[in-house]
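In: quick one, fold the following:
(one chain, ligands or ions: 1)
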Amino acid sequence: MKIRVNPDKCQGHNRCYAVAPDLFEVDDVGNASAANGGVVPDDMKDDAKLAIDNCPEFAIEIVEE
Ligand code: SF4
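Out: Modelled structure (predicted):
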């Protein structure tokens, strides 16, 4: 599974980082990007889905299952 954060949608709430800190990086102004090039380890798929469900801007996208 691979994810990305759409920078045009991300508003920097950091909920993604709060629920899955290993999967996201946050820049100086609080906007998030996917860590590890977006690669989600198999044992962290549930965390990724939780982050997707908790992003109020629908900014987190699955690019590969
Ligand atoms: S929860 Fe969504 S809008 Fe907020 S920082 Fe994460 S990706 Fe961006």
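
In: do you have the strands of this structure handy? List them.
Out: In the chain, the strands defined using DSSP state E lie at 2-5, 24-26, 32-34, 60-64.

In: can you tell me which of the ones you listed is nearest to Asp42?
Out: Proximity to Asp42, assessed across those by Cβ to Cβ, is greatest for strand 2-5 (12.0 Å). The C-beta positions use only the backbone N, C-alpha and C, and glycine is treated the same way.

In: what sits up against the closest one?
Out: 16, 23-24, 31-34, 37-40, 48, 52, 59-64 (Cβ atoms under 8 Å, 6 or more residues apart in numbering).

In: those, buried ones only, as a ChimeraX selection?
Out: Selection of buried members from the contacts of strand 2-5 for ChimeraX, criterion 16 or more other Cβ atoms under 10 Å:
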select :16,23,24,31,32,34,38,40,48,52,59,60
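
In: could you list which of the contacts of strand 2-5 also contact the ligand?
Out: Under the cut-off given by Cβ under 6 Å from any ligand atom, the ligand has 16, 32, 59-60 from the contacts of strand 2-5 close to it.

In: closest one to Asn6 out of those, please.
Out: Nearest to Asn6 among the ones next to the ligand among the contacts of strand 2-5, with distances taken as Cβ to Cβ, is Ala59, at 4.8 Å.

In: so that closest one sits against Gly12, correct?
Out: No. Assessed by Cβ atoms under 8 Å, Ala59 is found out of contact with Gly12, at 9.7 Å.

In: shared neighbours, these two?
Out: Common neighbours of Ala59 and Gly12 (Cβ under 8 Å, 6+ apart) are Ala32.

In: quick one, what contacts Ala48?
Out: 1, 3, 20, 23, 40, 60, 62.

In: how near is it to the ligand?
Out: 12 Å (Cβ to the nearest ligand atom, to the nearest Å).

In: how confident was the prediction at that residue?
Out: For Ala48, the pLDDT comes out at 98.

In: before we move on, what about Glu65?
Out: 81.

In: grab the nearest non-local neighbour of it.
Out: Distance criterion Cβ to Cβ, 6 or more residues apart in numbering; nearest residue to Glu65, sequence neighbours excluded, is Met1 at 5.9 Å.

In: the closest residue to Asp27 other than its chain neighbours pairs with what?
Out: Of all residues not flanking Asp27 in the chain, Ser33 sits nearest, at 7.1 Å (Cβ to Cβ, 6+ apart). Beta bridges link Ser33 to Glu25, judged by DSSP bridges.
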